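Engineer: Turn this into a structure:
(one chain, ligands or ions: 1)
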Amino acid sequence: MKGPGHRRRRPSHQDQTANWVKDYLSSTSPPPQVPALPPDAASPSMSWPCRAALAAFLPRSICYLPAIVLAPPPKLRAARFSALPWRGPLVSTDLSLETERSSVRVTYQGSPGTVIEAMVLNAFPNCIAAPQKRSEGALETVQSSLADKAVLTIENSSIGSFHQSYDLLLSHNLQIVQEVHMDVELCLLALPGVQKDDLQTIFSHPQDLAQCEHSLSNLGVSKKNVDHGAAGAEIISKQNLRGAGVIGSARAAELYGLNILECNFQDASPNVTRYLVLARTANIPKEYEQYKTSIVFGLEEGPGTLHKALVAFWKRDLNLTKIESRPNRGKPMRTLGTEKQFNYIFYVDFEASVAEIPAQNALKELELFRPERRKRHRREKETITRISQDERC
Ligand SMILES: O=C(O)C(=O)C[C@]1(C(=O)O)C=C[C@@H](O)C=C1
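Structural biologist: Residues are numbered from 1 along each chain as shown. The predicted structure is shown next:
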């Protein structure tokens, strides 16, 4: 999804000026002119029409900017956007992101022995881990200031997007501040003495089961969804289920007294899961670092509207890394003539900070920066809430 002449780092106006100073000092010739600012390469203005808070940038992580409730412009209906600095994906052996106070409280859907717990403890080695039964609970805990960060599982290299997490991103007023990639090794676990041939049912998180689809069909077993692998391990252990196995981490086997029947049981390797870290506030990354930005918008009906939206990035050489479409839950259907059609919102990630003028201009082209429209959007949301409450009465 790279535009023409894709660049990883474009020299900023400051860089150009620095070069000019260097050239001037090392030569006897008259100074050249400071390069003029092209419209899409100007120094960033920090007068943001958004609720962004400046904070320390965490190196070697991927950080999103504050999620902002945005406007529904005439052609492009925006919900909110966020941005993240991109320093390359992290792997499980390279996860130390902890640069804040050591008692940072990190919450996630999980329990001891889950894969996500391993990711959290690697990424935030000194954190207070606060597992929750559901991701919604984790987000609410951060929203209400009972925790500092929530972790959401967003995508896996084998099975794709975690749609529920995409939907959750819009349900809370939190900012995506980091992204972590972890190569996940899933194991087949069972009670001591149980062989593969004894297994009739396998418990796990639906996404873990999906990552082992092929291996499981070879075993000829039925699948049972539970909250996560560790929950399955606990059930098997407590209920002494000798006909059941679980897909989970080696740590879950250790915690619940199970044997590892097979390591690397997932169908594909590497099997990388992408996690997002959310907080109440986030940084505006500096310009021209390798950041990522995520936006989400809806489109009016018409030929080529998605194309036009994406061209705004292509024109500015902003590399798109991900597009995801989800049902527009506020208005899942729309009428076109006499026909009812599905109505979508689009999540787009691109490699740039919103502190960069090209990114700002691309977003302006999408008509995202209009405070009066933001207000209108909020009112619309309130109306929808009221209607559904009335309907329940
Ligand atoms: O089953 C577990 O242990 C989990 O933590 C579930 C979990 C996750 O990280 O959310 C684990 C890895 C998969 O890629 C998807 C789901």
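Engineer: Alpha carbons only: can I get the strand or helix carrying R326 in PDB?
Structural biologist: For R326, the host element (DSSP states H and E) is strand 320-327. What follows is strand 320-327, C-alpha atoms only, in PDB (Å, rounded to 0.1, in the frame of the first residue of the first chain):
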ATOM      1  CA  LEU A 320      -1.100   2.900   4.500                       C
ATOM      2  CA  THR A 321      -0.400  -0.100   6.600                       C
ATOM      3  CA  LYS A 322      -3.900  -1.400   7.400                       C
ATOM      4  CA  ILE A 323      -7.500  -1.000   6.400                       C
ATOM      5  CA  GLU A 324     -10.400  -2.500   8.300                       C
ATOM      6  CA  SER A 325     -14.100  -2.100   7.700                       C
ATOM      7  CA  ARG A 326     -16.700  -2.700  10.400                       C
ATOM      8  CA  PRO A 327     -20.400  -2.200  10.500                       C
END
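Engineer: Enumerate every residue touching the residue in the stretch 251-393 of the chain that the ligand sits nearest to.
Structural biologist: Relative to the ligand, the nearest point of the stretch 251-393 of the chain is T273 (3.8 Å; C-beta to the nearest ligand atom). (C-beta placed from N, C-alpha, C; glycine too.) Residues in contact with T273 (C-beta atoms under 8 Å, 6 or more residues apart in numbering) are V115, M119, T153, E155, N156, S157, H181, M182, V184.
Engineer: So which of the residues you listed sit within helices?
Structural biologist: Of those, the ones assigned to helices by DSSP state H are V115, M119.
Engineer: thinking again about what came up before, list the neighbours of the strand holding R326 that are in contact with it.
Structural biologist: Applying C-beta under 8 Å, 6+ apart, the set of residues contacting strand 320-327 is 1, 155, 161, 163, 166-167, 292, 310, 313-314, 342-351.
Engineer: now the residues you listed: which count as buried?
Structural biologist: 1, 155, 161, 166, 292, 310, 313-314, 343, 345-351 (16 or more other C-beta atoms under 10 Å).
Engineer: isn't there a strand covering the residue of the stretch 251-393 of the chain closest to the ligand?
Structural biologist: Yes. Counting by DSSP: H, G, I helix; E, B strand; the rest coil, T273 is found in a strand.
Engineer: before we move on, back to that, could you identify the most distant pair in the buried ones among the contacts of strand 320-327?
Structural biologist: The distance between the two most remote of those (C-beta to C-beta) is 28.4 Å, for N343 and E351.
Engineer: Mind jotting down where the helices sit in the stretch 201-350 of the chain?
Structural biologist: Assigned by DSSP state H, counting those that start in this stretch, the helices in the stretch 201-350 of the chain fall at 206-211, 213-219, 229-239, 250-256, 305-314.
Engineer: Quickly, which of the ones you listed bottoms out on average pLDDT?
Structural biologist: Note on these: helix 305-314 shows the lowest mean pLDDT, a mean of 89.
Engineer: what angle do that one and strand 320-327 make?
Structural biologist: Relative orientation of helix 305-314 and strand 320-327, computed by axes from the mean of the first three to the mean of the last three C-alpha atoms, to 10 degrees: 150 degrees.
Engineer: Pull out the buried residues from helix 305-314.
Structural biologist: L306, A309, L310, A312, F313, W314.
Engineer: swap in stretch 194-206?
Structural biologist: V194, L199, I202, F203, S204, H205, P206.
Engineer: what's the closest of those residues to the ligand?
Structural biologist: After measuring the buried residues of stretch 194-206 against the ligand - C-beta to the nearest ligand atom - the closest member comes out as H205, at 3.9 Å.
Engineer: where does the closest one fall, phi/psi-wise?
Structural biologist: phi -60, psi 140 (degrees, to the nearest 10).
Engineer: who's in contact with it?
Structural biologist: N225, V226, D227, H228, G229, I247.
Engineer: So I345 sits against A309, correct?
Structural biologist: No. Checked against C-beta atoms under 8 Å, the pair I345 and A309 is beyond contact range at 11.6 Å.
Engineer: Would you mind listing the residues touching both of the two?
Structural biologist: By C-beta under 8 Å, 6+ apart, I345 and A309 have these common neighbours: F297.
Engineer: Output the below-cut-off pLDDT ranges for this structure.
Structural biologist: 1-102, 282-290, 367-393 (pLDDT under 70).
Engineer: Contact residues of it facing the ligand?
Structural biologist: 110, 114-116, 153, 156, 184, 205, 207-208, 228-230, 248-249, 273 (C-beta under 6 Å from any ligand atom).
Engineer: Tell me which two of those sit farthest apart.
Structural biologist: Among the residues of the chain next to the ligand, N156 and A230 lie farthest apart (C-beta to C-beta), at 17.8 Å.
Engineer: When the two are compared, which one has more neighbours?
Structural biologist: A230 (28 against 20; other C-beta atoms under 10 Å).
Engineer: The residue nearest to the more buried one when sequence neighbours are not counted: how many residues sit nearby?
Structural biologist: Closest residue to A230 in three dimensions, ignoring its sequence neighbours and counting by C-beta to C-beta, 6 or more residues apart in numbering: G113, at 3.6 Å. Burial of G113 is recorded as 23 neighbouring residues (other C-beta under 10 Å).
Engineer: Would you check that my belief about G113 contacting A252 is correct?
Structural biologist: Yes. With contact defined as C-beta under 8 Å, G113 counts as touching A252 (3.6 Å).
Engineer: shared neighbours, those two?
Structural biologist: G229, A230, A233.
Engineer: sorry, back to before: wait, which of the buried residues of helix 305-314 is closest to L278?
Structural biologist: F313 (23.9 Å).
Engineer: quick one: contacts for the closest one?
Structural biologist: Applying C-beta under 8 Å, 6+ apart, the residues contacting F313 are G3, N319, L320, V348, F350, A362.
Engineer: out of the residues you listed, what pair is the most spread apart?
Structural biologist: G3 and V348 (13.3 Å).
Engineer: What is the helix or strand hosting P358 packed up against?
Structural biologist: Using DSSP H and E, P358 sits in helix 357-365. Counting contacts by 3 or more C-beta pairs under 8 Å, 6 or more residues apart in numbering; DSSP states H and E, helix 357-365 packs against helix 305-314.
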